[in-house]
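Undergrad: just coords:
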């Protein structure tokens with residue numbers, strides 16, 4: 001059944017989620033407090049969609065004209081939330097901002113609407129009005145969500161179990177992979193592991209041990225090749241668990257704890273080098289943001305299509321409880 005989906009926030013995740021839900025056959029409305037961001041979202045969605053169509057990941061009839069009819073960009077919350085069945089909150093990870101937008105959702109959205117936060121680390125449930133709690137949960141996607149299939153689903157403390165089942169079925173119906181968590185933990189599974197990697201990366205680069213390019217080279221040509229095929233724990237089985245025991249016993253190096261700041265990261269942000277959208281971050285990227293996203297997506301599509309044929313060993317064995 002097609003839903004009326006209201007996406008709040010048109011940034012990196014918001015515009016991409018609007019595209020995902022449109023491709024899933026839903027009627028999407030997208031809004032943002034920044035009109036320039038809302039304007040930019042149109043071009044980014046068109047570019048992403050064109051890449052998906054060109055590589056067979058979306059039907060040929062999904063043209064720019066189709067997209068204009070499937071996703072409506074609106075300047076106000078009131079217009080966006082009218083008659084919404086699903087409210088996708090994809091705004092900045094700041095408690096005050098989320099609390100304010102949830103208050104507006106409570107005021108403007110119909111009571112039957114399911115509220116789904118895309119939060120990564122911030123617990124949104126204390127910020128959501130009490131009467132909305134039974135239909136509030138987390139549906140956390142990974143960027144770019146039209147290519148990365150994992151979706152973490154977490155029920156709020158008072159969420160109706162039927163809402164969780166509905167969210168799981170909705171995600172699966174769009175060809176994605178729902179992972180229903182038993183409880184909320186900041187970062188879920190994938191982001192927590194990524195955070196552990198990030199802590200090591202920040203230390204290596206802040207201590208001058210390695211450059212950004214050297215770190216990425218080690219990850220791409222060392223870790224990344226094996227992970228899609230054997231995951232982490234299946235890879236341990238292939239390595240042999242006794243060897244891992246010896247590695248733990250003989251370890252002379254302690255990984256760094258999660259860092260609250262990175263001097264390198266702070267200096268880049270202070271210089272306005274905030275990432276691809278700004279044209280520079282750890283690397284110089286130039287100003288053609290849409291072309292950069294297209295180049296990234298083209299490579300991810302090729303990898304995704306190759307992995308369909310290759311398959312994965314992760315989960316191929318019978319799990320021991």
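TA: Looks like it arrived, so ask away. None of these values were measured; they are calculated from a predicted model.

Undergrad: Any regions of this structure where pLDDT drops low?
TA: In the predicted model, the chain carries pLDDT under 70 at residues 315-321.

Undergrad: So it: which segments form each domain?
TA: Split into domains by automatic domain parsing, the chain comes to 4-180, 190-310.

Undergrad: Neighbours of residue 102, how many?
TA: 24 (other Cβ atoms under 10 Å). Where C-beta positions appear, they are placed from N, C-alpha and C, glycine not excepted.

Undergrad: element containing it, please.
TA: Using DSSP states H and E, residue 102 falls within helix 95-108.

Undergrad: Please apply the same query to residue 7.
TA: strand 4-8.

Undergrad: other SSEs contacting that strand?
TA: With contacts taken as 3 or more Cβ pairs under 8 Å, 6 or more residues apart in numbering; DSSP states H and E, strand 4-8 sits against helix 14-23, strand 27-31, helix 77-81, strand 86-89.

Undergrad: Just give the strands next to it in its sheet, each with its orientation.
TA: strand 27-31 (parallel), strand 86-89 (parallel) (DSSP bridges).

Undergrad: Using CSV, lay out the helices and strands packed on strand 4-8 together with distance to residue 123 and mean neighbour count.
TA: Output for these, formatted as CSV (distance: least, Cβ to Cβ, whole Å; neighbours: other Cβ atoms under 10 Å):
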stretch, distance to residue 123, mean neighbour count
helix 14-23, 20, 26
strand 27-31, 24, 23
helix 77-81, 23, 18
strand 86-89, 13, 24
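
Undergrad: Now distance to residue 187 too, for the strands paired with strand 4-8, in JSON lines please.
TA: Listed next are these as JSON lines, based on distance: least, Cβ to Cβ, whole Å:
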{"stretch": "strand 27-31", "distance to residue 187": "26"}
{"stretch": "strand 86-89", "distance to residue 187": "18"}
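
Undergrad: residue boundaries of the strands in this structure?
TA: Using DSSP state E, the strands found in the chain span residues 4-8, 27-31, 71-73, 86-89, 114-117, 136-141, 150-155, 177-180.

Undergrad: chain center to the fourth one, what's the gap?
TA: Distance of strand 86-89 from the chain centroid (Cα atoms, centre = their mean, to the nearest Å) equals 15 Å.

Undergrad: and what of the second one?
TA: Chain-centre distance of strand 27-31: 18 Å, with Cα atoms, centre = their mean.

Undergrad: now it against helix 14-23, angle please.
TA: 170 degrees (axes from the mean of the first three to the mean of the last three Cα atoms, to 10 degrees).

Undergrad: Touching, residue 226 and residue 235? I think so.
TA: Yes: taking Cβ atoms under 8 Å as the definition, residue 226 is a contact partner of residue 235 at 5.8 Å.

Undergrad: picking up where we left off before, among the strands paired with strand 4-8, which comes closest to residue 135?
TA: strand 86-89 (9.5 Å; Cβ to Cβ).

Undergrad: returning to what we had before: got the strands of the chain as TSV, with distance to residue 280 columns?
TA: Formatted as TSV, the strands of the chain follow (distance: least, Cβ to Cβ, whole Å):
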stretch	distance to residue 280
strand 4-8	28
strand 27-31	27
strand 71-73	28
strand 86-89	29
strand 114-117	30
strand 136-141	26
strand 150-155	29
strand 177-180	33
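
Undergrad: Compare those and report which one is nearest to residue 62.
TA: Among the strands of the chain, strand 71-73 sits nearest to residue 62 (Cβ to Cβ), with 11.3 Å.

Undergrad: What lies in contact with the closest one?
TA: Applying Cβ atoms under 8 Å, 6 or more residues apart in numbering, the contact partners of strand 71-73 are 10, 18-19, 22, 28-31, 38-39, 41-42, 45.

Undergrad: Pull the most distant pair out of these.
TA: Farthest-apart pair in the contacts of strand 71-73 is 22 and 39; separation 17.8 Å (Cβ to Cβ).

Undergrad: coming back round to it: taking strand 4-8 as reference, get the angle to the helix holding residue 102.
TA: Counting by the same axes, to 10 degrees, helix 95-108 lies at 150 degrees to strand 4-8.

Undergrad: tell me which residues of helix 95-108 are tucked away?
TA: Buried residues in helix 95-108, defined by neighbour count with 16 or more other Cβ atoms under 10 Å: 98, 101, 102, 105, 108.

Undergrad: hmm, back to that, looking at the strands of the chain, spot the one closest to residue 263.
TA: Among those, the nearest to residue 263 by Cβ to Cβ is strand 136-141 (29.4 Å).

Undergrad: can you list the residues that contact the closest one?
TA: For strand 136-141, contacts defined as Cβ under 8 Å, 6+ apart pick out 13, 16-17, 20, 88, 114-120, 124-125, 128, 148, 150-156, 158-159, 163-164, 167, 171, 184, 188.
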